[in-house]
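>>> Starting from these lines, generate the structure:
(one chain, ligands or ions: 1)
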Amino acid sequence: MTLSIPSDYLIVTAIKDYVHCPRFVYYAGCLPAVRPRTYMMDAGAEEHERERERARRRTLRAYGLPDGERRFAQTVVSHRLRLIGLIDELVIAESGWIPVDYKLSDRPSDSFIMQVTAYALLVEETFGVSVTTGYLYLMVTRKLHPVPILPEARAEVERICDAIRCMIDAERMPPPPSARAKCRACEFRRFCNDV
Ligand code: SF4
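Numbering: from 1, shown residues only. The predicted model follows:
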């Protein structure tokens, strides 16, 4: 079945990018032609696909997750937030519905946690269920990191959706992040003349 989604819907990865640096989303939304395709982006996408294959062969117990149905590459959407996403793995267990996002990383960043929270909101609206916990699967360490779906993080997802739309509508470039270490290996650095 093909899902027909209006063009003004945001993709959940924009939430993650915005938390890392709002300019990522500004460039993608206002100057899409400048978006470079880097080796790391290609490597990350390929590794995600390989991880889904490996995950299919693992039992949920190996994850430390409760037993249940597993859906890979699950599309979820919120018409309220005008937000759509593709979850690496959705576990439907007796204890609840659990979105799992794979990351080519050894640590759970704030941006990853916000992405899982957004997936939880979309699972709730798509399937009419309640989600209390998601997980990050950190591919570098092969460890699961639980992400409780907290009220303040839910509100932050909504705030970020509004902030992204305002920024793109106004075509206003946001300031750089206060943690300038993020700029060192950034693919957009040549477009940011003030960092
Ligand atoms: S160089 Fe720094 S300010 Fe510019 S997009 Fe990258 S992280 Fe953001």
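
>>> Now name the helix or strand holding the spatially most central residue of the chain.
In the chain, the centroid-proximal residue (C-alpha atoms, centre = their mean) is Q115; its distance is 3.5 Å. Assessed by DSSP states H and E, Q115 sits inside helix 110-127.

>>> can that helix be found next to the ligand?
No - judged by C-beta under 6 Å from any ligand atom, helix 110-127 stays clear of the ligand, getting no closer than 11.5 Å. No exception for glycine: its C-beta is placed from N, CA and C like everyone else's.

>>> again with stretch 150-169
No - judged by C-beta under 6 Å from any ligand atom, stretch 150-169 stays clear of the ligand, getting no closer than 13.2 Å.

>>> Next one: the residue nearest to the centre of the chain, what pLDDT does it get?
With respect to pLDDT, Q115 scores 98.

>>> Also the one 5 residues further on?
Reading off the confidence values, A120 has pLDDT 98.

>>> what's the burial count for it?
Using other C-beta atoms under 10 Å, A120 is surrounded by 26 other residues.

>>> In contact with it, which residues are there?
Going by C-beta atoms under 8 Å, 6 or more residues apart in numbering, A120 touches P99, V131, G134, I149, R154.

>>> Model confidence for the first one, exactly?
pLDDT recorded at P99 is 97.

>>> still on that earlier bit, export the contacts of A120 as a markdown table, with columns for neighbour count and secondary structure.
As requested, the contacts of A120 are exported to a markdown table (neighbours: other C-beta atoms under 10 Å; DSSP: H, G, I helix; E, B strand; the rest coil):
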| residue | neighbour count | secondary structure |
| --- | --- | --- |
| P99 | 28 | strand |
| V131 | 21 | coil |
| G134 | 26 | strand |
| I149 | 22 | coil |
| R154 | 16 | helix |
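
>>> wait, which of the residues you listed is closest to G64?
G134 (14.1 Å; C-beta to C-beta).

>>> so how far is the ligand from the closest one?
25 Å (C-beta to the nearest ligand atom, to the nearest Å).

>>> That's all I had, so thanks and see you.
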